[in-house]
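Chemist: need coordinates for the below:
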Amino acid sequence: MDLKKELNNEQYIAASTIDGPLLIIAGAGSGKTRMLTYRIAHMLENNIDERNILALTFTNKAAKEMGQRIRNLTKKELKHLTTTTFHSFGLGLLKQHIHHLGWKNNFTIYDTNDKLSLIKQVIINLGWSIDAFNLSDVQDYISKYKTKRLEINNNTAENTKILINEYQKYLKTYNAVDFDDLIVKPLELFEKLPEILEKTSNRFKYILVDEFQDTSISQYRLVKALADKNRNLCVVGDDDQSIYSWRGANYENILMFEKDFPERKEIMLERNYRSSKTILDAANNLITNNKQRKDKKLWTKSDKGTNIYLIRPDDGEKEANQVAREIIELHKKENIKFNNFAILTRTNALIPAFESALMMRDVSCHVSGGKSLFERKEIKDILSYLKVIINPDDDVNFLRIINTPRRSIGRVTIDKIKDVANTHNVSLYSALAIMAYSNDYKIRDTTRNSLKFVYNLIEKYSREFEENEDKTRYKVLNHLILEINYKDFLIEENNSEKAVLYKLKGINILSDMLRKWEQNYFNEGASLENWVNRILLNGKDNDDENKTSVNIMTMHASKGLEFDIVYLVGIEDHIIPSQRAIEENPKNIDEERRLFYVAITRAKEKLIISSAKNRIRGTQIIQSAPSRFIQEIPENLIDEAENRLIPKSEISNSFAAMRARLQGK
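Modeler: Numbers count the residues shown, from 1 in each chain. This next block holds a predicted model:
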């Protein structure tokens with residue numbers, strides 16, 4: 001390979017430096033994946049055994065893509081080259097050696113839901129009340145303790161110590177580990193049995209870590225332990241893109257690496273191959289407001305490009321509709337494919353409005369980093385009711401709604417309904433009617449009444465939806481939701497008022513989608529089935545559809561991706577920077593700014609920033625101020641040519657008004 005021909009000068013130095021510790025600071029869009037691919041290919045070309053190379057990253061997709069790129073470049077199978085994630089690597093070690101820690105090698109891995117279930121079980125078995133605990137906080141506390149982000153000391157509550165201790169004992173009893181264990185247990189092995197560390201270090205003499213700024217303290221300790229002997233550790237990262245502290249990432253690991261490997265070589269990749277000069281200038285000016293960072297400045301040979309647009313819709317609904325309209329206009333006028341658009345938000349709560357606005361215009365969208373409206377349990381429940389109302393013989397959806405909300409129809413009764421259905425060769429719904437209104441079946445009165453309720457409910461709303469085709473079917477849907485007491489069910493299921501309000505808001509969006517759809521002139525005469533089928537088709541999520549879908553995602557999920565046109569929405573001061581994050585720790589402002597920097601640098605050609613004048617928070621409409629980060633973008637990079645754009649004076653006036661309110665003036 002001619003590395004000098006394939007790479008720029010800094011990339012070439014990084015790819016050709018094989019021995020010794022190496023720190024590569026790779027700015028956004030600087031071609032680090034290409035450089036890493038060529039670096040590993042160069043190592044193989046220099047007769048380094050593929051078995052001796054370990055490349056670690058954070059997602060299975062990234063690990064798989066890296067391995068495939070190397071194989072394509074070298075034209076070799078490389079069956080023994082290890083490109084993997086931290087957790088998969090830890091899993092492999094534990095599969096071989098966990099018996100030394102008292103587990104069997106066929107252990108089970110507990111995911112988040114398994115972990116929550118176990119925490120509940122531990123609390124119940126201790127004789128404590130589950131209502132006394134915030135289970136999410138307990139889960140987070142256990143994780144922080146295990147990964148040494150939190151220490152148990154004399155100030156720690158006694159019940160917390162007991163709970164953590166019991167949780168660990170139960171895991172061992174069930175021969176299970178959680179995701180944190182996939183990192184911390186290998187470290188325990190290395191400390192308890194140094195010969196395992198020696199054997200692993202002799203195997204992996206050359207280690208590469210991608211996205212190094214996202215490593216946790218435990219992950220860094222694992223890598224350092226493996227690399228201490230041979231000192232051939234290459235880490236690639238960007239402190240300006242460290243946005244995952246909430247899940248344990250520690251961007252200061254770069255400083256620890258410098259301290260632990262003083263003989264390191266350091267290389268900066270500052271040339272950007274992705275964005276226009278305007279977008280890079282905006283990002284560079286923004287991020288310089290963070291003082292604890294490596295001094296660097298991205299540059300490009302690309303054209304200046306168009307200026308950044310700032311739009312100021314009246315509220316969240318108008319914001320979603322304006323963005324949807326503009327995307328469709330650009331798609332038609334400039335022949336831009338929908339998958340080249342991205343809508344990025346700071347919070348999951350904003351996603352459904354944009355998903356709804358696009359779907360109302362027959363534009364498919366792909367949601368990632370947050371749950372699509374149609375993937376949420378409460379939406380699936382309501383849609384299942386509608387599917388059964390449309391087609392009572394739909395057994396799958398019938399089983400979903402029969403006891404949701406709970407109405408004394410248990411597993412034994414459902415098994416009896418199935419038996420009746422098989423005997424009479426009818427659907428479960430018809431079998432339910434037979435059991436409810438026949439004296440041939442001995443069932444409790446409460447159960448019989450519940451069966452009658454379900455049957456009569458479906459019959460009633462089948463008629464009402466059919467009779468109300470005068471653009472008021474959304475009202476029938478609202479009556480259905482009230483009659484099944486779904487709000488009370490949500491309150492019972494969730495110990496957080498905020499969670500209940502969030503779920504109710506989603507249901508309201510669904511109802512409003514039906515209202516807008518049936519009031520559209522083009523849908524006159526269409527049936528409820530037409531609307532439900534349209535929802536299902538547009539709400540599908542698969543790779544084929546992603547190629548023709550607008551991308552909607554959180555800013556966190558956008559990291560590593562790029563799009564021709566990016567809309568940053570909800571750019572208001574209580575959303576980004578996040579009000580909650582700043583209240584928890586004022587120092588979080590730096591990470592919020594890094595997150596905004598990541599979002600800006602996803603755009604290749606056009607960047608549009610939207611800040612609504614008013615936003616619904618909880619049950620109130622609150623006046624919103626544009627994010628303070630907007631003021632950190634040079635004025636000359638912002639286009640104010642159109643009336644719809646936000647004047648700089650309005651930003652300053654909004655901040656002055658906000659400060660006055662805070663001071664009680």
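
Chemist: quick one: low-confidence residue ranges for the protein.
Modeler: Scanning the chain for pLDDT under 70 picks out the ranges 154-156, 537-547, 618, 640-665.

Chemist: try it again with 50
Modeler: 540-545, 641-645, 665 (pLDDT under 50).

Chemist: what strands line up against the longest strand seen in it, and which way round?
Modeler: Determined from DSSP state E, the single longest strand within the chain is strand 603-610. The pairing partners recorded for strand 603-610 under DSSP bridges are strand 308-311 (parallel), strand 563-568 (parallel).

Chemist: tell me which element the residue lying closest to residue 313 once chain neighbours are set aside falls in.
Modeler: In space, residue 313 comes closest to residue 319 once its chain neighbours are excluded; the distance is 3.9 Å by C-beta to C-beta, 6 or more residues apart in numbering. C-betas here are computed from N, CA, C, even on glycine. In the assignment (DSSP states H and E), residue 319 maps to helix 316-333.

Chemist: show me what that helix is packed against.
Modeler: Using 3 or more C-beta pairs under 8 Å, 6 or more residues apart in numbering; DSSP states H and E, the elements in contact with helix 316-333 are strand 341-345, helix 351-359, strand 563-568, strand 603-610, strand 614-617.

Chemist: one more time with 6 Å, if that's ok
Modeler: In this structure, helix 316-333 packs against helix 351-359, with contacts taken as 3 or more C-beta pairs under 6 Å, 6 or more residues apart in numbering; DSSP states H and E.

Chemist: list the buried residues of the helix it packs on.
Modeler: 351, 352, 353, 354, 355, 356, 357, 358, 359 (16 or more other C-beta atoms under 10 Å).

Chemist: picking that back up, separation between the residue nearest to residue 313 and residue 490?
Modeler: From residue 319 across to residue 490, the span is 27 Å (C-beta to C-beta, to the nearest Å).

Chemist: equivalent analysis for residue 136, please.
Modeler: As judged by C-beta to C-beta, residue 136 and residue 490 stand 17 Å apart.

Chemist: the two: which is more packed in?
Modeler: residue 490 (20 against 14; other C-beta atoms under 10 Å).

Chemist: surely residue 503 and residue 490 touch.
Modeler: Yes. Using C-beta atoms under 6 Å, residue 503 makes contact with residue 490 at a distance of 5.3 Å.

Chemist: on that earlier part again, list the buried ones in the longest strand of the chain?
Modeler: For strand 603-610, by 16+ other C-beta under 10 Å, it's 603, 604, 605, 606, 607, 608, 609, 610.

Chemist: orientation of it relative to strand 341-345 in degrees?
Modeler: Counting by axes from the mean of the first three to the mean of the last three C-alpha atoms, to 10 degrees, strand 603-610 lies at 50 degrees to strand 341-345.

Chemist: how far is strand 603-610 from where the chain is centred?
Modeler: Chain-centre distance of strand 603-610: 21 Å, with C-alpha atoms, centre = their mean, to the nearest Å.

Chemist: likewise stretch 251-265?
Modeler: With C-alpha atoms, centre = their mean as the basis, stretch 251-265 stands 30 Å off its chain's centre.

Chemist: what are the contacting residues of it?
Modeler: With contact meaning C-beta atoms under 6 Å, 6 or more residues apart in numbering, stretch 251-265 is reached by 17, 21, 22, 23, 213, 215, 220, 224, 235, 239, 242.

Chemist: now that we have those residues, which one has the most neighbours?
Modeler: Neighbour-wise, these (other C-beta under 10 Å) top out at residue 215, 30 neighbours.

Chemist: mind checking how far that residue is from residue 314?
Modeler: From residue 215 to residue 314 the distance is 43 Å (C-beta to C-beta).

Chemist: now do residue 606
Modeler: Using C-beta to C-beta, residue 606 is found at 23 Å from residue 314.

Chemist: cool, residue 39 as well?
Modeler: Computed as C-beta to C-beta, the residue 39 to residue 314 distance reads 51 Å.

Chemist: neighbour count: these two, which is higher?
Modeler: residue 39 (28 against 11).

Chemist: point me to the helix or strand that includes that one.
Modeler: helix 32-45.

Chemist: repeat for residue 278
Modeler: Assigned by DSSP H and E, residue 278 falls in helix 277-287.

Chemist: much appreciated, bye for now.
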